[in-house]
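Enquirer: Output the structure for:
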Amino acid sequence: MKQFSSLFPNKEAFIIFALYIILFVFQGVFVTASKTENGGYDYNTTLVVFLSEVLKLTASALIYTYKKDKKPQLITAICIHYKLLLLYFIPSLLYCFYNNLAFINLSHYDPTSYYILLQFRVVLTALLFQCLFKKNLTYMQWVSLGILTLGCMIKNFDAASIQSKGDTDLWSQLFNIYFLSINFQNFCSCLAGTYNEYLLKNQGSDVDIFLQNVFMYLDSVICNFFILMFKGELGTIVDDFEALGDIFVLLIIVNSAVVGIVTSFFLKNLNSILKTYASALELVITAVVCYMLFNIVITGFTVLSICLVSIAVAMYFKNPVSNVNPNITDSKDKEPLLEVTSK
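Expert: Residues are numbered from 1 along each chain as shown. Okay, here's the model as predicted:
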């Protein structure tokens, strides 16, 4: 019970943790289901990311506006905290890269392999976490991170060996453009998540979380707009909208929007280290779901990787990092986060 309270300061934090895992499993499944037979997409993935950010921005702005507490009006609040708005351009741009790369990498890897390879980010996250929050990890925490990384390396070798059947150049499969792409995605995730946590708990600790979400998603909409412009896709947006009628594409947009808002609560109530382990727990669920839905084979290396990741997670749960926002108290002493009232 003491270890549980160290991980989750209140019941709300545990619900956020569980919801975060479930939503990300859904996201991988929805993206995989939306792929064509040759592994690509017949819709504009950048436009999908853009619309997801617009939906996040709209939801955050409405909730901030209608929450039952005394605060400045939205435009006034943005003017007051304009410096924080500018600071959010850093994680917004990084998340912009991350979200767009997710479609590219999921077109090359199955969801289980994809999520395992994303766990390479844990060591980098730990280093960034130590630098920003001045909290040194213990020996056991570093051991668990090492085991987690080993599990990811084994899965990468497994994925490469499957792709290189009939091809003697295994190393080119291990270190190909997609491997570089997923590691750049890892870098974006690590830096964005840790810096976002820093803004939530330090620079913006006294700012309403939904106002901070407005800053994040307003900046994200701007970043994704410029990516659409850079790719020369603004002129085809009307035609691209016609391809967004597929049910799985709509589910991707809505689920991505909910994931973004849940992630902000995760970083506000918990920390970016625990976030990487939550991502690791997605592996077991994703492997089973993808086997049932898409008949994606679970190899021996996949099982070994999942076992190592599970061991690492169990070790971490016995030695958790505590970086709770000092403003967060027991759920009985604070207002519900989503309480709204109509005007």
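Enquirer: show me the contacts for residue 108.
Expert: 39, 178 (CB atoms under 8 Å, 6 or more residues apart in numbering). Just so you know, the C-beta spots here come from the backbone N, C-alpha and C atoms, and that holds for glycine as well.
Enquirer: what's the weakest-modelled helix or strand in this protein?
Expert: Among the helical and strand segments of the chain, the one scoring lowest on mean pLDDT, DSSP states H and E is helix 170-174, with a mean of 50.
Enquirer: What's the first helix or strand after that helix?
Expert: Using DSSP states H and E, the helix or strand that follows helix 170-174 in sequence is helix 177-198.
Enquirer: Burial check on residue 300, number of neighbours?
Expert: By the criterion of other CB atoms under 10 Å, residue 300 has 8 neighbours.
Enquirer: ugh, wrong one, I meant residue 206
Expert: Neighbouring residues of residue 206 were enumerated by other CB under 10 Å; the total is 7.
Enquirer: One more: residue 105?
Expert: Counted with other CB under 10 Å, the burial measure for residue 105 works out to 20 neighbours.
Enquirer: In contact with it: list those residues for me.
Expert: 114, 178, 181, 182, 185.
Enquirer: Lowest-confidence member of these, which is it?
Expert: When the contacts of residue 105 are sorted by pLDDT, the bottom entry is residue 178 at 71.
Enquirer: show me the contacts for that one.
Expert: With contacts taken as CB under 8 Å, 6+ apart, residue 178 has the following neighbours: 104, 105, 108, 109.
Enquirer: For it, give its distance to residue 314.
Expert: With the distance defined as CB to CB, to the nearest Å, residue 178 ends up 30 Å from residue 314.
Enquirer: Among the contacts of residue 178, name the ones in helices.
Expert: 104, 105 (DSSP state H).
Enquirer: Between which two of the contacts of residue 178 is the distance greatest?
Expert: Taking CB to CB, the two most distant members of the contacts of residue 178 are 104 and 109; they sit 10.0 Å apart.
Enquirer: where do the helices sit along the stretch 151-300 of the chain?
Expert: Taking DSSP state H, counting those that start in this stretch as the criterion, the stretch 151-300 of the chain carries its helices at 170-174, 177-198, 209-230, 237-241, 247-269, 272-294, 300-318.
Enquirer: Can you say which of those helices is nearest to residue 28?
Expert: Comparing the helices of the stretch 151-300 of the chain against residue 28 with CB to CB, the closest turns out to be helix 272-294 (5.7 Å).
Enquirer: circling back to that earlier point, where among the helices of the stretch 151-300 of the chain is the average confidence lowest?
Expert: Note on the helices of the stretch 151-300 of the chain: helix 170-174 shows the lowest mean pLDDT, a mean of 50.
Enquirer: looking at it, residue 298 is touching residue 286, isn't it?
Expert: No. Applying CB atoms under 8 Å as the test, residue 298 and residue 286 come out as separate, 10.6 Å apart.
Enquirer: Neighbour count for these two, which is higher?
Expert: Neighbours were counted for residue 298 and for residue 286 using other CB under 10 Å; residue 286 has more, 27 against 13.
Enquirer: Touching, that one and residue 111? I think so.
Expert: Yes. Counting by CB under 8 Å, residue 286 does reach residue 111; the two are 5.0 Å apart.
Enquirer: Identify the contacts common to these two.
Expert: Any residue near both residue 286 and residue 111 by CB under 8 Å, 6+ apart counts here, and that gives 28, 29.
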